[in-house]
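[1] Below are the sequence and a predicted model for it; my questions follow.
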Amino acid sequence: MKLFHDVSSVRNFTQKRKNEQKIGLVPTMGALHPGHLALLEASQKDNDQTICSIYVNPTQFNNPDDLKKYPRTLEGDLELLEKIGCDAVFCPTDQIMYPPDQPQLLHLDFGYLNEILEGQHRPGHFDGVGLVVTKLLNIVQPHRAYFGQKDLQQLTIIRQLVREFFIPVEITSVPIVREASGLALSSRNQRLSPEEKETAIQLYQTLLFAQKQYKAGTDLSTITQQARNRLNQDSGIQLEYFEAVRVHDFQLLEERTENQPIAFCVAAYVGDVRLIDNVLIN
């Protein structure tokens, strides 16, 4: 397994192979778990070479404390990637991704997507996501890049980004991987106590409740209000949002829509750990 820290070395690696082999990129912030492994497995199945990037991107954290506490397990991550046969890993530093002698002037505006759900509750988050994903796609120049369904709004942002800038890459979504309890896997789960993990299961259970009610024909506004009530009754959960969206453009929905995929999305704090989750319908 090759390990790269600078732009020229990883780009040289991919450019030598790109004309004859398919390259897959799995961008991560490390603290790898089975959800990341599902992304890597999908890339290895689809491509000749798989590159995993590990970089905790500071510009997408609107909360400095969250950035400070984000788990960093690079040594274990590299051992795991070696074990599963990942071809290369790109681990840049902040100085590589955001050179201190170059002022950071560029900002990305994703319109209404910046104003709802994650955009509303994490100001500047998608600007940072857009910047780092654009940098990674331009550095590695893969044929395909892999992202998890758990970050559904982020997936919409990245697909819009690729369309707007005509970036020649196929964006592939991989379904959410869950613990046996149903809790969506996340690097942040490492910060949950056993009691908080039990509480966090309510997020997925409430999503399943909403899914069942929707399939039974219940009015959409009724479903979302009932779901919010369920979560607000648990003192261990600080709910930020529970909403229904149209999947293809992430428009918020207040009424049922037939024959179009929708998703129920939730975000909440359990203790001091912020968690997100979603389920797809149709």
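    That came in fine, so what should we check first?

[2] Leaving out sequence neighbours, find the closest residue to the residue nearest in space to the middle of the chain.
    Centroid check for the chain by C-alpha atoms, centre = their mean gives residue 151 as the closest residue, at 3.6 Å. In space, and not counting its chain neighbours, residue 151 is closest to residue 276: 7.2 Å by C-beta to C-beta, 6 or more residues apart in numbering. Backbone N, C-alpha and C define where each C-beta goes, glycine included.

[3] how long is stretch 47-57 end to end?
    26 Å (C-alpha to C-alpha, to the nearest Å).

[4] Distance from the chain centre to it, please.
    Its chain's C-alpha centre and that of stretch 47-57 lie 14 Å apart, by C-alpha atoms, centre = their mean, to the nearest Å.

[5] Find me whatever residue is spatially closest to residue 53, sequence neighbours aside.
    residue 90 (4.4 Å).

[6] Is residue 279 within a helix or a strand, and which one?
    strand 273-281 (DSSP states H and E).

[7] Give me the residues contacting that strand.
    66, 118, 149-152, 176, 184, 186, 188-189, 191-192, 196, 200, 203-204, 207-208, 210-211, 214-215, 240, 247, 261-269 (C-beta atoms under 8 Å, 6 or more residues apart in numbering).

[8] May I ask which helix or strand of the protein has the lowest mean pLDDT?
    When the helices and strands of the chain are compared on mean pLDDT, DSSP states H and E, helix 64-69 comes out lowest with a mean of 91.

[9] Help me confirm that residue 176 is found in a strand?
    No: counting by DSSP: H, G, I helix; E, B strand; the rest coil, residue 176 falls outside a strand, being coil.

[10] burial count for residue 46?
    Here the number of neighbours of residue 46 (other C-beta atoms under 10 Å) works out to 15.

[11] Cross-check the contact I'm expecting between it and residue 22.
    Yes: with contact defined as C-beta atoms under 8 Å, residue 46 counts as touching residue 22 (7.0 Å).

[12] Next, show the common contact partners of those two.
    Common neighbours of residue 46 and residue 22 (C-beta under 8 Å, 6+ apart) are residue 144.

[13] so what's the backbone phi/psi at residue 52?
    Phi and psi for residue 52, reported as degrees, to the nearest 10, are phi -110, psi 130.

[14] Surely it is in contact with residue 90?
    Yes: at 7.4 Å, residue 52 and residue 90 qualify as touching, with contact defined as C-beta under 8 Å.

[15] Determine the number of other residues adjacent to the residue nearest to residue 151.
    When neighbours are defined as other C-beta under 10 Å, residue 276 has 22 of them.

[16] next one: the one 5 residues further on
    Look at residue 281: counted by other C-beta under 10 Å, it has 15 neighbours.

[17] and if you look at residue 96?
    15.

[18] My guess is it contacts residue 7. True?
    Yes: using C-beta under 8 Å, residue 96 is in contact with residue 7, at 6.5 Å.

[19] re the thing from before, for the least confident helix or strand of the chain, packing partners?
    Contacts defined by 3 or more C-beta pairs under 8 Å, 6 or more residues apart in numbering; DSSP states H and E place helix 64-69 against no helix or strand at all.

[20] List the buried residues for it?
    Under the neighbour-count criterion of 16 or more other C-beta atoms under 10 Å, helix 64-69 has nothing buried.
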